[in-house]
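In: Show me the folded form of this:
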Amino acid sequence: MIKAKARKQTASDRGEAPEKCLAENVRHAMENYFEDLDGHQASNIYSLFLEEVEKPFFEVIMQYTQGNITRASQMLGLNRVTLRNRLRKYGIE
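Out: Numbers count the residues shown, from 1 in each chain. Now for the predicted structure:
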């Protein structure tokens, strides 16, 4: 007997636009970040955000494209050299 692989529910399955779902997740994460500061001063938030978001973003893209940098760069609208540099920065190769 072959078991069916369970499919994760997507934003469209829930009747949400994917962009809204992502935006709401980012908003929620940032609100939690500020709550967790507990009165401490925040600094370099933009750099922190990019590092926290870019690495898993590129990991998923490269997994989806099965490591095909040309295909990934086309999907992302990035130059291949730029993509290679970003992947190298995060140790994704």
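
In: And the pLDDT for the one residue sitting closest to the centre of the chain?
Out: Nearest to the mean C-alpha position of the chain, counting by Cα atoms, centre = their mean, stands Phe57 at 3.0 Å. Phe57 is assigned a predicted lDDT (pLDDT) of 95.

In: just Ser12 next, same as before
Out: Listed pLDDT for Ser12 reads 59.

In: just Asp38 next, same as before
Out: Predicted confidence (pLDDT) for Asp38: 86.

In: Next one: it from Ser73, what distance?
Out: Asp38 sits 41 Å away from Ser73, going by Cβ to Cβ, to the nearest Å. Heads up, the C-betas are built off the backbone N, CA and C, glycines and all.

In: Work out for me the element Gln63 sits within.
Out: Using DSSP states H and E, Gln63 maps to helix 45-64.

In: For the helix or strand following that helix, which residues meet the burial criterion?
Out: Note on helix 45-64: by DSSP H and E, the next helix or strand toward the C-terminus is helix 69-76. Within helix 69-76, the residues that count as buried by 16 or more other Cβ atoms under 10 Å are Ile69, Ala72, Ser73, Leu76.

In: Just put those in JSON lines and tack on distance to Asn44 and pLDDT.
Out: Below are the buried residues of helix 69-76 laid out as JSON lines (distance: Cβ to Cβ, whole Å; pLDDT from 0 to 100):
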{"residue": "Ile69", "distance to Asn44": "29", "pLDDT": "97"}
{"residue": "Ala72", "distance to Asn44": "28", "pLDDT": "98"}
{"residue": "Ser73", "distance to Asn44": "28", "pLDDT": "98"}
{"residue": "Leu76", "distance to Asn44": "25", "pLDDT": "97"}
